[in-house]
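Peer 1: Predicted model and sequence below, questions to follow.
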Amino acid sequence: IGVPWPDTDVAILSMETGEPLPVNEIGELAIKGPQVMKGYWNRPDETENTFKNGWFLTGDLGYMDEKGYFYVVDRKKDMLIYNGYNVYPRHLEELLYEHEAVQSCVVLGVPDDRAGEIPKAFVVLKSGATAALTDIQEFVNSRVVHYSKIREIEQLDALPMTAAGKISRIALQKLEASKSN
């Protein structure tokens, strides 16, 4: 996302301690500056949860490189934890999009009794494309560390969309929850 705007302080904070992290470590993107809101109107609890020690916590996970450039890797609420490891669905989705047969996709954390959550991919294939789901899964899994591997993959005709035209993770989470009931 680049370098901070003038009069804007940006930090990457530890999600556990709230302390600034060193270069190239992933944490929550936090900002301070005169253009940052002071809080949510008539929502003191939300304001308290979003502001810590003067920092506005954006909900974005990212890191800063050696040159002071900031990068976003995912949304905090989308991150899943597999066997104690942080897994970033956005990274898996970017790899899925590199597969020639994938038109659209999304990766969610689905509950698992042993691992806590497992990465599950939902894919829509391009018109006329044929590919085995196991081949698509291996295409991604051969490029990631062991804990980030996609554990399940499902093909859909279309992904549910929000009114704003974005993929609805909530609708997919509800679909998954209905399968276990």
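Peer 2: Perfect, thanks for sending it. Just so it is clear, the model here is predicted, and its values are computed rather than measured.

Peer 1: Check whether Asn53 really touches Gly18, as I assumed.
Peer 2: Yes. Between Asn53 and Gly18 there is a contact at 6.8 Å, judged by CB atoms under 8 Å. (Each C-beta comes from the backbone N, C-alpha and C, glycine too.)

Peer 1: The two: which is more packed in?
Peer 2: The residue with more neighbours, out of Asn53 and Gly18, is Gly18; 14 against 9, by other CB atoms under 10 Å.

Peer 1: Report pLDDT for the more buried one.
Peer 2: If you check Gly18, the pLDDT there is 87.

Peer 1: okay, now the closest residue in space to it that isn't next to it in sequence: neighbour count?
Peer 2: When the adjacent residues along the chain are set aside, Gly18 lies closest to Lys52, with 5.5 Å between them (CB to CB, 6 or more residues apart in numbering). Here the number of neighbours of Lys52 (other CB under 10 Å) works out to 13.

Peer 1: Now for Lys52: which residues touch it?
Peer 2: Going by CB atoms under 8 Å, 6 or more residues apart in numbering, Lys52 touches Leu13, Gly18, Ala30.

Peer 1: Tell me what it is bridged to.
Peer 2: Per DSSP bridges, the residues bridged to Lys52 are Trp55.

Peer 1: Could you list the buried residues of stretch 3-14?
Peer 2: For stretch 3-14, the neighbour count (16 or more other CB atoms under 10 Å) marks Pro4, Val10, Ala11, Ile12, Leu13 as buried.

Peer 1: same thing with stretch 92-110?
Peer 2: When neighbours are counted by 16+ other CB under 10 Å, the buried residues of stretch 92-110 are found to be 92-93, 95-96, 99, 101-102, 104-110.

Peer 1: Which of these fall within strands?
Peer 2: Taking DSSP state E as the definition of strands, the buried residues of stretch 92-110 contribute Val102, Ser104, Cys105, Val106, Val107, Leu108, Gly109, Val110.
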